[in-house]
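Build the 3D model from these lines:
(one chain, ligands or ions: 1)
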Amino acid sequence: MAEPEVFMISTHFKCRGGTYPRSNIQRFLVPDDKISWSTQYNDYKPPNYTEPALNGKPWADPDLGDSTFKPKWNNIDGKISRKSYMGDYHIVNGYPLNPIGRTGLCGRGILGRWGPNHAADPVVTRWKRLNSGEIVLDNTNKPILQFVAIKRGDTGEWALPGGMVDPGEKVTTTAVREFQEEAINALVMSKEEREEWTNKFEKFFSEGEVVYEGYVDDRRNTDNAWMETIAYNFHDEKGSIVGALNLHAGDDAVGVRWVDATPDMSLYASHDSILKEVVKRHLGIGKS
Ligand code: BGC
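Purely as a prediction, here's the structure:
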């Protein structure tokens, strides 16, 4: 794996203001200049919300304050990583503090973990081609990059087929597993075809490049729990491996398709920023 070259994601837009997902809780207003914890905001009184159904879920932490729960903040805690890509986060009155700043809500919301919640996102790309195999150019004569997108069941937005890292799982494994689960399993294939694909995939998916690791502007984030992800690009230059997968553009019915990567894309969470970085790496677009 290549060393990640970190770029910044514009943060704290989707996770500020409005109603918190799957609840009727209104976030406390946080103006742009009051995001940072180092800026005084004496009137800041965010509501406290932790989804009661998280209680007892095997993938979720117990409540803070439960005397048997002694998380190792900023560390690998058994099989769970409580380390942030953003460096050490602060613990205030026993609660981990969002490394970017205020979100207008304290508690854990609907996230399973206090502090960082780790995901991994595969960005699977190919060049757009005609049936003849010829690469399609856009109106500026540049080749068009396509990526595999899925339609998320929860928000209906197009997204990378990512998911949460299971305890003890290697993050590369998560990215590949999620791709198989979310993109491939949605397709109708015979057992033989599936096995053939799985074999071809193995090498392809061992050659990913890290394009982002860090905080994600996710609507579920709170002052004490937030999403982080690592995104890997798996590029099929010749279009002969994953690129040959027959995902029809507009295949909304199965909720997975090849999408042209354009500068004005709007995708789930921080996925559009991740995609823009991938486009930049392949096409040099946006480089100053
Ligand atoms: C999604 C990932 C996403 C992460 C952060 C996870 O639930 O599956 O694709 O990057 O949340 O928003």
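
Would you mind listing what in the chain touches the ligand?
When proximity is defined by Cβ under 6 Å from any ligand atom, the chain lies next to the ligand at 119, 121, 159, 160, 162, 163, 164, 216, 218, 227, 229, 269. Bear in mind the C-beta positions are built from the backbone N, C-alpha and C, glycine included.

in the stretch 151-288 of the chain, which spans are helices?
Using DSSP state H, counting those that start in this stretch, the helices of the stretch 151-288 of the chain run over 171-178, 191-204, 271-283.

I'd like the residues of the chain next to the ligand as a markdown table, with neighbour count appended.
Listed next are these as a markdown table, based on neighbours: other Cβ atoms under 10 Å:
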| residue | neighbour count |
| --- | --- |
| 119 | 22 |
| 121 | 28 |
| 159 | 19 |
| 160 | 32 |
| 162 | 27 |
| 163 | 18 |
| 164 | 18 |
| 216 | 26 |
| 218 | 20 |
| 227 | 21 |
| 229 | 30 |
| 269 | 26 |
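
circling back to that earlier point, mean pLDDT added to the helices of the stretch 151-288 of the chain, as JSON lines?
Formatted as JSON lines, these follow (pLDDT from 0 to 100):
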{"stretch": "helix 171-178", "mean pLDDT": "88"}
{"stretch": "helix 191-204", "mean pLDDT": "83"}
{"stretch": "helix 271-283", "mean pLDDT": "92"}
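
I'd like the ones you listed written out as JSON lines, with mean neighbour count added.
Below are the helices of the stretch 151-288 of the chain laid out as JSON lines (neighbours: other Cβ under 10 Å):
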{"stretch": "helix 171-178", "mean neighbour count": "20"}
{"stretch": "helix 191-204", "mean neighbour count": "12"}
{"stretch": "helix 271-283", "mean neighbour count": "20"}
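
now stretch 124-144: mean pLDDT?
For stretch 124-144, the mean per-residue pLDDT is 94.

I'd like the distance from it to the chain centre, please.
Computed by Cα atoms, centre = their mean, to the nearest Å, the chain-centroid distance of stretch 124-144 equals 26 Å.

what about that stretch, start to end distance?
Terminal residues of stretch 124-144 lie 14 Å apart, using Cα to Cα, to the nearest Å.

one step back: which among the residues of the chain next to the ligand gets closest to residue 54?
Within the residues of the chain next to the ligand, the smallest distance to residue 54 is 13.7 Å, found for residue 164 (Cβ to Cβ).

bridging residues for the closest one?
Under DSSP bridges, the beta-bridge partners of residue 164 are residue 119.

how far away is it from residue 136?
Separation of residue 164 from residue 136 (Cβ to Cβ, to the nearest Å) stands at 35 Å.

Relative to the ligand, which residue of the stretch 151-288 of the chain is the closest?
With Cβ to the nearest ligand atom as the measure, residue 162 is the residue of the stretch 151-288 of the chain nearest to the ligand, at 2.7 Å.

Now do the contacts for that residue.
By Cβ atoms under 8 Å, 6 or more residues apart in numbering, the contact set of residue 162 is 119, 120, 121, 122, 175, 178, 229, 231.

try it again with 6 Å
By Cβ atoms under 6 Å, 6 or more residues apart in numbering, residue 162 lies in contact with 119, 120, 121, 178.

need the strands for this structure, in chain order.
Here the chain has its strands, by DSSP state E, at 48-50, 76-77, 80-81, 91-92, 95-96, 106-109, 115-127, 145-151, 158-159, 163-164, 209-215, 225-236, 256-260.
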